[in-house]
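> Sequence and predicted structure are below.
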Amino acid sequence: MPACRSLIASQLFLAAVLSAQTAAPQAAAPESLDSVLWAQTSVEHDAAYLQAFRIARLMLDRAQADRTWTAAIEQSAGYERLPAAVILDVDETILDNSPEEAQKVRSGPTTSLWKEWVRKEHSTALPGALEFTQYADSHGVTVFYVTNREAPDKPATRRNLGQLGFPLNTHIDPILCRGEKPDWGSDKGSRRADIAAHYRVLLLIGDDLNDFLSGVHVAPDERRRQVSAYSDRWGERWIVLPNPMYGSWEAALYSHKGELSHQEQVQQKYGRLRVIDP
């Protein structure tokens, strides 16, 4: 009898293994696993950045030669006489924070993880970013960094950028963080307007719609209309970088309701999928 039970047990175990091998794949991996790995390992990611910053350099030359050129819709009359500047986002535009995103995939998000990462000052330069900003600076164009990092994180951000060689104008403050002034919220429009009051903005470069326009916390269809309304600016005055890891695009999928649980957010995301028609 023991031998019989052993044989039956072996057969059951083999059947279970075979069943597991042929069953539909399980959604065991975190949602962002593929997007983080794409950012960290794909050559397509690096090529997209190199391509974007090469275009930015060509557009910078064109913009400097045309005094009527401006990239900021916040620019007011008389900007033609102002000195030139470019405005770049920081995270996932010029600095790579994918290790922090990777840590969240492995161990789950914590409230302190982002601040710990920023204060380590370990972000590295994304392909083409350093070369472009140095080119702009060498051609007399002031480089501004408009970031939604919070004001207390500014010293660490400045050191991180400086250590990598990003130009930091010593005559003005080139880093504009969220919360530095009462009207400097997560919407970057007020900060762009502040720069546009003193500089002719040649280019806007970022990875999120908020880096170009205000009022982007709306439904995906409205965001698409916003992009379409400025179709003549993309790839010319506005240069966008790919970021599949996070951004206002994601919050739009669950109506920007941050109070929803993770499971509720995932359910709403599934509802946004466009599938093959039956």
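In hand now; what should we look at?

> now the helices for this structure?
Ranges of helices within the chain are 2-22, 33-41, 43-65, 98-107, 113-120, 129-138, 154-164, 189-196, 220-229, 248-253, 262-271, based on DSSP state H.

> For residue 78, find the nearest of those helices.
Evaluated over those, closeness to residue 78 peaks at helix 189-196, with 11.0 Å, by Cβ to Cβ. Heads up, the C-betas are built off the backbone N, CA and C, glycines and all.

> Using CSV, write out every CA atom in the closest one.
Taking C-alpha atoms only, helix 189-196 is exported to CSV below (Å, rounded to 0.1, in the frame of the first residue of the first chain):
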residue,chain,number,x,y,z
GLY,A,189,2.1,77.3,-15.7
SER,A,190,2.9,80.0,-13.0
ARG,A,191,6.6,79.1,-13.1
ARG,A,192,6.7,79.2,-16.9
ALA,A,193,5.0,82.6,-16.8
ASP,A,194,7.6,83.8,-14.2
ILE,A,195,10.4,82.9,-16.6
ALA,A,196,8.6,84.2,-19.7
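
> on contacts alone, who are the packing partners of it?
When contacts are defined as 3 or more Cβ pairs under 8 Å, 6 or more residues apart in numbering; DSSP states H and E, helix 189-196 sits against strand 84-88, strand 142-150, strand 175-178, strand 200-206.

> Give me the distance from stretch 173-183 to the chain's centre.
Chain-centre distance of stretch 173-183: 19 Å, with Cα atoms, centre = their mean, to the nearest Å.

> list the buried ones in that stretch?
Across stretch 173-183, burial judged by 16 or more other Cβ atoms under 10 Å covers 174-178.

> From residue 148, how far out is residue 213?
Distance, residue 213 to residue 148, by Cβ to Cβ, to the nearest Å: 15 Å.

> no, scratch that, I was asking about residue 199
Here residue 199 is placed at a distance of 21 Å from residue 148 (Cβ to Cβ).

> ok so, going back, mind picking the one among the buried residues of stretch 173-183 that's closest to residue 253?
Closest approach to residue 253 among the buried residues of stretch 173-183 (Cβ to Cβ): residue 178, at 22.6 Å.

> Hmm, that closest one is touching residue 148, no?
Yes - assessed by Cβ atoms under 8 Å, residue 178 is found in contact with residue 148 at 4.6 Å.

> Touching both of these two, which residues are there?
Common contacts of residue 178 and residue 148 (Cβ atoms under 8 Å, 6 or more residues apart in numbering): residue 186.

> Just the mean pLDDT for stretch 214-227, thanks.
When pLDDT is averaged over stretch 214-227, the result is 96.

> Buried residues of it, list them for me.
Neighbour-count burial for stretch 214-227 flags 214, 216-217, 223, 226-227 (criterion: 16+ other Cβ under 10 Å).

> Just the endpoints, please. Distance across that stretch?
Start-to-end span of stretch 214-227 (Cα to Cα, to the nearest Å) is 12 Å.

> can you check stretch 85-96 too?
Length of stretch 85-96, first residue to last, Cα to Cα: 23 Å.

> How about stretch 205-215?
In stretch 205-215, first residue to last residue: 18 Å (Cα to Cα).

> and residue 76, what does it touch?
Contacts for residue 76 (Cβ under 8 Å, 6+ apart) come out as 196-197.

> What are the phi and psi values at it?
For residue 76, the backbone dihedrals (degrees, to the nearest 10) come out as phi -100, psi 170.

> what's the pLDDT at residue 277?
The model reports residue 277 with a pLDDT of 87.

> In CSV, list the C-alpha atoms belonging to stretch 247-266.
The C-alpha trace of stretch 247-266 is given here as CSV (Å, rounded to 0.1, in the frame of the first residue of the first chain):
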residue,chain,number,x,y,z
GLY,A,247,2.9,60.7,-15.0
SER,A,248,-0.4,62.6,-15.2
TRP,A,249,-1.4,60.2,-18.0
GLU,A,250,-1.7,57.4,-15.4
ALA,A,251,-3.8,59.4,-13.0
ALA,A,252,-6.2,60.4,-15.9
LEU,A,253,-7.1,56.7,-16.2
TYR,A,254,-8.8,56.8,-12.8
SER,A,255,-10.1,60.4,-13.1
HIS,A,256,-7.3,61.8,-10.9
LYS,A,257,-8.9,60.3,-7.8
GLY,A,258,-5.9,59.7,-5.6
GLU,A,259,-8.2,58.6,-2.7
LEU,A,260,-9.0,55.4,-4.6
SER,A,261,-7.4,52.2,-3.3
HIS,A,262,-4.8,50.5,-5.5
GLN,A,263,-7.3,47.8,-6.5
GLU,A,264,-9.9,50.4,-7.5
GLN,A,265,-7.4,52.2,-9.6
VAL,A,266,-6.4,49.0,-11.4
